[in-house]
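Trainee: Fold the following and give me the result.
(2 chains)
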Amino acid sequence: MITFDRVTKRYPDGTVAVDDLSLEVPTGGITVFVGPSGCGKTTSLRMINRMIDPSEGRVLLDGVDVTTVDPPTLRRGIGYVIQQAGLFPHRKIVDNVATVPQLLGWDRRKARDRAMELLERVGLDTGLANRYPFQLSGGQQQRVGVARALAADPPVLLMDEPFSAVDPIVRASLQDELLRLQAELHKTIVFVTHDIDEAVKLGDRVAVLQVGGHLAQLDDPATLLARPADGFVREFLGRDRGIRRLSFVPGAGLGLRGDLTVPVSADVASARGTAEPWLAVVDPDGGPLGWAATAGLPESGTFEAVPLAPYGTFVRDRDSLRAALDAALLSPSGNAIAVDDSGRAEGVVTREVLDEALVLAAREASRVAGETRADEGPGEAGGAREAADGR
Amino acid sequence: MDGEPLVRWDWIWRNWSTGRAGSIDSLLQQHVVMALLPVVLGLVVALPIGLACVRWRWLYQPTAGLMNVVYALPSLPVFMLLLPATGLGPATVIIPLSFYGVAVLIPAVVDGIASVPDHVRQSAVAMGFTPLRRLLRVELPIAVPVVLAGLRVVAVSSISLVSVGALIGQGGLGNLFTDAFKRDFPTPAVVGIVLIVALALLVDGLLLAAQRLLTPWQRARGSA
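Mentor: The predicted model follows:
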């Protein structure tokens, strides 16, 4: 566990980067520090491994004040991932990853074996081991950065905007990769970002910091989205807060209709007379192919000959209500196709079912908000007011 | 000079290797030593001073200013100035050339260290490098291309400047120019020019090869 105990960082010119910060980073979870630039998130992170020392207060790592530990020794026990990866350009990938084990005095062979193991673990081809960093893409470099931070198996990992310099698609895959790794490794991770979507996606807990180094709110993402502590947090979360909150409502409970899917080999005659305007056509393995409009069906033949409209799917056991809504919006029918883990259609979630789920989710959110913030009225009132102001 | 050919091959043949002082091969040898020793000495002196300038930033401006003045001094009067102390020996040439080397290489060392990207330096700190180890294992290796570029400039200019030493009798191949002048006989001058240029090209090529060998990690090959 990492404890910030009334930590303040003041610079000689009087700037306060971190203001009386007290919080705990629990062992084995991802805690995200998020906020606009100048909020002291990186400063706070760097006080953990003594790249910056606090002016007042203490930072404790498992109960030990970090300022009592010699910085190089402390740092070798804490993984660090930086924006742009910070790889050593003059060393091969495998040597980059083996850096900390070598600093710790492991023998060369063991350090290299460990490095190869980690390259695989972060999803890199070990054929890259003998390349130099400039020969890798930004995303690959960042994976190497993560592998390097994990090389000596430190219990704590500090990540300073590690994914901000790569394009959105690569960023999403790096984020997924981090979550997958964390599910195996259970490190204590402190992750700094200015991107609230990244914070909400990755964090078990999210600390929102305000300019001047003041902690505005520390909560799990669902609570954060449902109940922002003040106007600053609400504004920082942005106008899509309601939609984003749906990411934390599971889609598993949505009711399915089995009668709206039809095998591609079926005769169109079987669909004649149905009142449903759209049917989801599936291949022999159950994989969705698209939507067929029942109004324009040909006289005879199978669905093979029917033009199909695009569709959206969500994995019912895994995805959120937000994913289901997204799937519905991708279909001309307004309905979402629910699939299982192997991609086979389980059934269709209709717009009516989604509407009902959305109403329930909204009601639940305002109930939770109302319970804890009775003094301010329903939590959504602020949002509604802002919307009315034309924001 | 009427009827005198630009190059008399028989003269070259006779004077290439006579075993006496003043033969072309011994002058070449002398030239190589007097040109390259200052490069090595210059690097040995410039490295610690350059690193000190990186460590204590305020040192750099005055040092760079002083070194520019040193570099601006014409070589011949400096040779004259040194004569009473060092006499008519090679040291009279080697010492000023070493100073020129220092003058060029201090900025090269400073720029070389400055060429280490900030995120690389920070990640070295964050991984637990001690300052000395960081310098030796991260910063200096990354500075190599910039320092070597400076070294190439110093080596070539040093090879060319040695010939001025001929005016005090310590010029290596430069002695061929004074010889040609005194005797109104062009062949030694041509030989001197050709050999000096060839030597400069050879040394530059070797340094370039060394750079490629030492920095296989560089993106831009051959553009340095």
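Trainee: residue contacts, the residue in chain A that chain B sits nearest to?
Mentor: Taking CB to the nearest CB, chain B has its nearest neighbour within chain A at A:Gly86, 2.9 Å off. C-beta coordinates here come from the backbone N, C-alpha and C atoms, glycine included. Contacts for A:Gly86 (CB atoms under 8 Å, 6 or more residues apart in numbering or on different chains) come out as A:145, B:117, B:119-120, B:122-124, B:126.
Trainee: In chain B, what residue lies closest to chain A?
Mentor: B:Ser123 (2.9 Å).
Trainee: where's that residue, which helix or strand?
Mentor: Assigned by DSSP states H and E, B:Ser123 falls within helix B:118-126.
Trainee: who touches that helix?
Mentor: Outside of helix B:118-126, the residues within contact range by CB under 8 Å, 6+ apart are A:49, A:51, A:75, A:78, A:80, A:82-89, A:145, A:158, B:134, B:138-139, B:142.
Trainee: Could you pick out which of these are located in strands?
Mentor: Applying DSSP state E to those, the entries found in strands are A:78, A:80, A:82, A:158.
Trainee: The first one against A:Val156, yeah?
Mentor: Spelled out, that is A:Ile78. Yes. Using CB atoms under 8 Å, A:Ile78 is in contact with A:Val156, at 4.8 Å.
Trainee: Export the ones in strands among the contacts of helix B:118-126 as JSON lines, with columns for pLDDT and distance to A:Leu185.
Mentor: Shown next, in JSON lines, are the ones in strands among the contacts of helix B:118-126 (pLDDT from 0 to 100; distance: CB to CB, whole Å):
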{"residue": "A:Ile78", "pLDDT": "96", "distance to A:Leu185": "14"}
{"residue": "A:Tyr80", "pLDDT": "96", "distance to A:Leu185": "16"}
{"residue": "A:Ile82", "pLDDT": "92", "distance to A:Leu185": "19"}
{"residue": "A:Leu158", "pLDDT": "97", "distance to A:Leu185": "15"}
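Trainee: and those near chain B, which?
Mentor: Among the ones in strands among the contacts of helix B:118-126, proximity to chain B is found for A:78, A:80, A:82, A:158 (CB under 8 Å from any CB of the partner chain).
Trainee: Spatially, which two of the residues you listed are the most separated?
Mentor: Using CB to CB, the two most remote members of these are A:Ile78 and A:Ile82, lying 12.8 Å apart.
Trainee: So which bits of chain B are right by chain A?
Mentor: Within chain B, the positions adjacent to chain A are B:117, B:119-120, B:122-130, B:133, B:138, B:141-142, B:144, B:215-219 by CB under 8 Å from any CB.
Trainee: What is the neighbour count of residue 51?
Mentor: All of this refers to chain A. A count of nearby residues for A:Met51, using other CB atoms under 10 Å in any protein chain shown, gives 18.
Trainee: other chain: chain B
Mentor: B:Leu51 has 18 nearby residues by other CB under 10 Å.
Trainee: which residue sits closest to it, ignoring its sequence neighbours?
Mentor: Of all residues not flanking B:Leu51 in the chain, B:Val109 sits nearest, at 6.6 Å (CB to CB, 6 or more residues apart in numbering or on different chains).
Trainee: what's near enough to touch the one you found?
Mentor: With contact set as CB under 8 Å, 6+ apart, B:Val109 has these partners: B:46-47, B:49-51, B:53-54, B:143, B:147, B:150.
Trainee: and the residues you listed, which are buried?
Mentor: Using 16 or more other CB atoms under 10 Å in any protein chain shown as the burial test, the contacts of B:Val109 include B:46-47, B:49-51, B:53-54, B:143, B:147, B:150 as buried.
Trainee: Make CSV from these and add secondary structure and pLDDT to it.
Mentor: Shown next, in CSV, are the buried ones among the contacts of B:Val109 (DSSP: H, G, I helix; E, B strand; the rest coil; pLDDT from 0 to 100):
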residue, secondary structure, pLDDT
B:Ala46, helix, 95
B:Leu47, helix, 95
B:Ile49, helix, 95
B:Gly50, helix, 95
B:Leu51, helix, 95
B:Cys53, helix, 94
B:Val54, helix, 92
B:Ala143, helix, 95
B:Val147, helix, 95
B:Gly150, helix, 95
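Trainee: Dump those residues to a markdown table, plus distance to A:Leu279.
Mentor: Shown next, in a markdown table, are the buried ones among the contacts of B:Val109 (distance: CB to CB, whole Å):
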| residue | distance to A:Leu279 |
| --- | --- |
| B:Ala46 | 80 |
| B:Leu47 | 78 |
| B:Ile49 | 81 |
| B:Gly50 | 76 |
| B:Leu51 | 76 |
| B:Cys53 | 77 |
| B:Val54 | 72 |
| B:Ala143 | 68 |
| B:Val147 | 72 |
| B:Gly150 | 75 |
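Trainee: which residues sit in contact with B:Ala108?
Mentor: Here B:Ala108 is in contact with B:46, B:50, B:146-147, B:149-151 (CB under 8 Å, 6+ apart).
Trainee: Could you do B:Val70 as well?
Mentor: Contacts for B:Val70 (CB under 8 Å, 6+ apart) come out as B:99-100, B:102-103.
Trainee: so of those, which ones are in helices?
Mentor: In this view, those that belong to helices under DSSP state H are B:99-100, B:102-103.
Trainee: Neighbour-wise, which one of these leads?
Mentor: Using other CB under 10 Å as the neighbour test, the ones in helices among the contacts of B:Val70 are led by B:Val102, with 24 neighbours.
Trainee: Which helix or strand in chain A has the lowest average pLDDT?
Mentor: The helix or strand with the lowest mean pLDDT-type score in chain A, counting by mean pLDDT, DSSP states H and E, is helix A:380-388 (a mean of 40).
Trainee: that older thread, for the residue of chain A closest to chain B, which non-adjacent residue is closest in space?
Mentor: Using CB to CB, 6+ apart and skipping the chain neighbours, the partner closest in space to A:Gly86 is B:Ser123 (2.9 Å).
Trainee: What distance do you get for the one you found to A:Thr73?
Mentor: Distance from B:Ser123 to A:Thr73, counting by CB to CB, to the nearest Å: 17 Å.
Trainee: Now for residue 11, how many residues are close by?
Mentor: Using chain A here. The number of residues near A:Tyr11, taken as other CB under 10 Å, comes to 11.
Trainee: wait, chain B
Mentor: 15.
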